[in-house]
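Q: Predicted model follows, preceded by the sequence.
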Amino acid sequence: MSEFYFFSTPLHDAIRNNNFDKVSDFLNQNHDLDIIDEDNMNPLDLAKYLEFDSLVALIENKIYRNAISITIEKT
């Protein structure tokens, strides 16, 4: 993983800093969870790589909730 980040998002930066509150805020603002940084990691991959289990759970919960709401909207 790079020491210096030339392409990163505020969400990726919050994850790197293990900032639960900021990550939660970004998720509530529906930041893109598919965008990758210069290390080709999306936010979930980055949280897993850094072993920030609370952030992994938070992001997975957001993905799960989005999947549920999409399913509900389609029916």
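A: Here it is on my side, so go on. Numbering: from 1, shown residues only.

Q: going forward, measure contacts between C-alpha atoms and count neighbours the same way
A: Fine.

Q: Can you get me a residue count around the nearest residue to N42 once chain neighbours are set aside?
A: Leaving out its chain neighbours, the residue that sits closest to N42 by C-alpha to C-alpha, 6 or more residues apart in numbering is I36, at 4.4 Å. Using other C-alpha atoms under 10 Å, I36 is surrounded by 18 other residues.

Q: same thing with N28?
A: N28: 10 surrounding residues under other C-alpha under 10 Å.

Q: and what of M41?
A: For M41, using other C-alpha under 10 Å, the count is 18.

Q: Tell me the spacing between it and L11.
A: 12 Å (C-alpha to C-alpha, to the nearest Å).

Q: Surely F52 is in contact with N18?
A: Yes: counting by C-alpha atoms under 8 Å, F52 does reach N18; the two are 6.9 Å apart.

Q: tell me, what's touching the two both at once?
A: Counting by C-alpha atoms under 8 Å, 6 or more residues apart in numbering, F52 and N18 have no common neighbour.

Q: Nearest residue to the middle of the chain?
A: P43 (3.3 Å; C-alpha atoms, centre = their mean).
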